[in-house]
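Trainee: the following comprises the amino acid sequence and a computationally predicted model.
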Amino acid sequence: MLAIVTGLIGSYPLGGMTFHYIQYLLGLQALGWKVVYLEDTGRWLYDPCRPTFTNDPRYAVSYLERTMTHFGLGDSWCFRDPGDRWHGPVAGNLGEILPRVDLFLNVSGSCWLRPEYRSARKLVYIDTDPGYTHFKLAQATGDGADADLRYSFERMAEHDFHATFAENIEADDCSLPAGPFRWIPTRQPIVLDLWRLQPPTRPVRFSTILSWNHYAEPLQHGDTVFWRGWGLRSAASVTSSPQEYQRYIASSGAEFSVAKDVYTITRSGWFSERTACYLASGRPAVVQNIGFTKYLPQGSGLHAFCDPDEAVDAIRSVQANFEHECREAKRIAERHFDAATVLTNLLTALRL
């Protein structure tokens, strides 16, 4: 069986984005699939060294070469840059590969679904950012939709199956528009062998990795920036490679994080792929409850909060029982995010 997995590894060459997509490839490979990574977005590329978006593919190609080789996939990738030039070892024979593809996983809807890609036996759209996708679909299928919205809908409708990280979709307490597709709930697959349980160390230092928008001026002391009690580090320094990303998580005591309004208001049941990586590293998480507690255990290892008081109580619990919390975090990852289980469930739903 042959699978093509799409993604944004070259478009956003950062450690967290890499793990988001690479674990689909490695997870399918472990299940016996032959895999190819294909990236073809038609968009400009983020260059973290500048930092800006550019049509220059040199950094993206170099990052892909290093990263795919590191994960044992050095012969199994191709990349189409904004100038329509192909890169990577598979690019030269992609035309021979495409007619033999059993599964085309369009993760994050990241791939420009060109006609030649549609020959795959199963075309699958995986929505990893629920809310934005579903409200766009509701607009696209409503009265007065403009040409761009209709085009987006038509491209999505070309897929045979549609999966989403909104595990709570169609539930009574979820306000996401469910139509017009039949959504298959899924979650981030975690390749557990990549994430070793790191010995816990005190004091417990909470961290997270995301874009913070703030409304007050941060304070700077030496090389460290502080904002409302948080020390802020440049994202480039902790996400410049998959290895740096893992080291940063492993050096943390636990994760504390909030979610976007679109996740919380809709009660989508989305669960962050970043938080799943914290858990897999044996790092407990205190995160905002957006409906995932119906599908994942909470308590030791994973704490969901709805207000500041609950968050404080959860942080204190992690601090008081840290070693136990670390072991439970790892167990949650093993039981609920193991790529073998997550992907087998998805393949079953796809009738593969």
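Mentor: Nice, thanks for sending it over. None of the values given here were measured: they were computed from a predicted structure.

Trainee: which stretches in the stretch 51-200 of the chain count as helices?
Mentor: Using DSSP state H, counting those that start in this stretch, the helices of the stretch 51-200 of the chain run over residues 58-70, 94-97, 132-140, 147-157.

Trainee: helix, strand or coil for the closest residue to residue 112 other than its chain neighbours?
Mentor: Leaving aside its sequence neighbours, residue 112 sits nearest to residue 42 (CB to CB, 6 or more residues apart in numbering; 4.4 Å). Just so you know, the C-beta spots here come from the backbone N, C-alpha and C atoms, and that holds for glycine as well. What DSSP: H, G, I helix; E, B strand; the rest coil gives for residue 42 is coil.

Trainee: what is the neighbour count of residue 42?
Mentor: By other CB atoms under 10 Å, the residues close to residue 42 number 11.

Trainee: how many other residues sit next to residue 328?
Mentor: Neighbour tally, residue 328, other CB under 10 Å: 19.

Trainee: part of a helix, is it?
Mentor: Yes - counting by three-state DSSP, residue 328 is located in a helix.

Trainee: low-confidence ranges in the stretch 51-200 of the chain?
Mentor: Counting by pLDDT under 70, the stretch 51-200 of the chain shows no low-confidence range.

Trainee: 80 instead?
Mentor: For the stretch 51-200 of the chain, the stretches flagged by pLDDT under 80 are 143-145, 198.

Trainee: can you give me the strands in it?
Mentor: With strands called from DSSP state E, counting those that start in this stretch, the stretch 51-200 of the chain shows them at 52-54, 77-80, 86-87, 103-107, 122-127, 161-164, 183-185.

Trainee: tell me how far the residue nearest to residue 112 lies from residue 62.
Mentor: Counting by CB to CB, to the nearest Å, the gap from residue 42 to residue 62 is 21 Å.

Trainee: can I get the strands of the stretch 51-200 of the chain in JSON lines with mean neighbour count and distance to residue 147?
Mentor: Output for these, formatted as JSON lines (neighbours: other CB atoms under 10 Å; distance: least, CB to CB, whole Å):
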{"stretch": "strand 52-54", "mean neighbour count": "13", "distance to residue 147": "24"}
{"stretch": "strand 77-80", "mean neighbour count": "24", "distance to residue 147": "24"}
{"stretch": "strand 86-87", "mean neighbour count": "16", "distance to residue 147": "29"}
{"stretch": "strand 103-107", "mean neighbour count": "24", "distance to residue 147": "22"}
{"stretch": "strand 122-127", "mean neighbour count": "22", "distance to residue 147": "21"}
{"stretch": "strand 161-164", "mean neighbour count": "22", "distance to residue 147": "22"}
{"stretch": "strand 183-185", "mean neighbour count": "19", "distance to residue 147": "25"}
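
Trainee: so which of these is nearest residue 2?
Mentor: Closest approach to residue 2 among the strands of the stretch 51-200 of the chain (CB to CB): strand 103-107, 7.5 Å.

Trainee: average model confidence for stretch 288-295?
Mentor: The predicted model gives stretch 288-295 an average pLDDT of 94.

Trainee: same question, stretch 300-307
Mentor: The average of the pLDDT scores along stretch 300-307 is 95.

Trainee: got the contact list for that stretch?
Mentor: For stretch 300-307, contacts defined as CB atoms under 8 Å, 6 or more residues apart in numbering pick out 279, 284-289, 292-293, 296, 298, 311, 313-314, 317-318, 321, 324-332.

Trainee: go again with 6 Å.
Mentor: Applying CB atoms under 6 Å, 6 or more residues apart in numbering, the set of residues contacting stretch 300-307 from outside is 284-286, 289, 293, 298, 311, 314, 325, 328-329, 332.

Trainee: which among those residues gets closest to residue 148?
Mentor: Nearest to residue 148 out of the contacts of stretch 300-307 is residue 289 (CB to CB; 34.5 Å).

Trainee: how near is the closest one to residue 50?
Mentor: 38 Å.

Trainee: just residue 323 next, same as before
Mentor: For residue 323 relative to residue 50 (CB to CB), the value is 43 Å.

Trainee: try residue 244
Mentor: On the measure of CB to CB, residue 244 and residue 50 end up 18 Å apart.

Trainee: looking at those two, which has the bigger crowd around it?
Mentor: Higher neighbour count among residue 244 and residue 50: residue 244, with 15 against 10, using other CB under 10 Å.

Trainee: so how far is residue 26 from that one?
Mentor: 19 Å.

Trainee: count the neighbours of residue 1 for me.
Mentor: Close neighbours of residue 1, defined as other CB under 10 Å, add up to 15.

Trainee: contacting residues around it?
Mentor: Neighbours of residue 1 in contact, by CB under 6 Å, 6+ apart: 33, 102.

Trainee: again, only this time at 7 Å
Mentor: When contacts are counted by CB atoms under 7 Å, 6 or more residues apart in numbering, residue 1 touches 33-34, 102.
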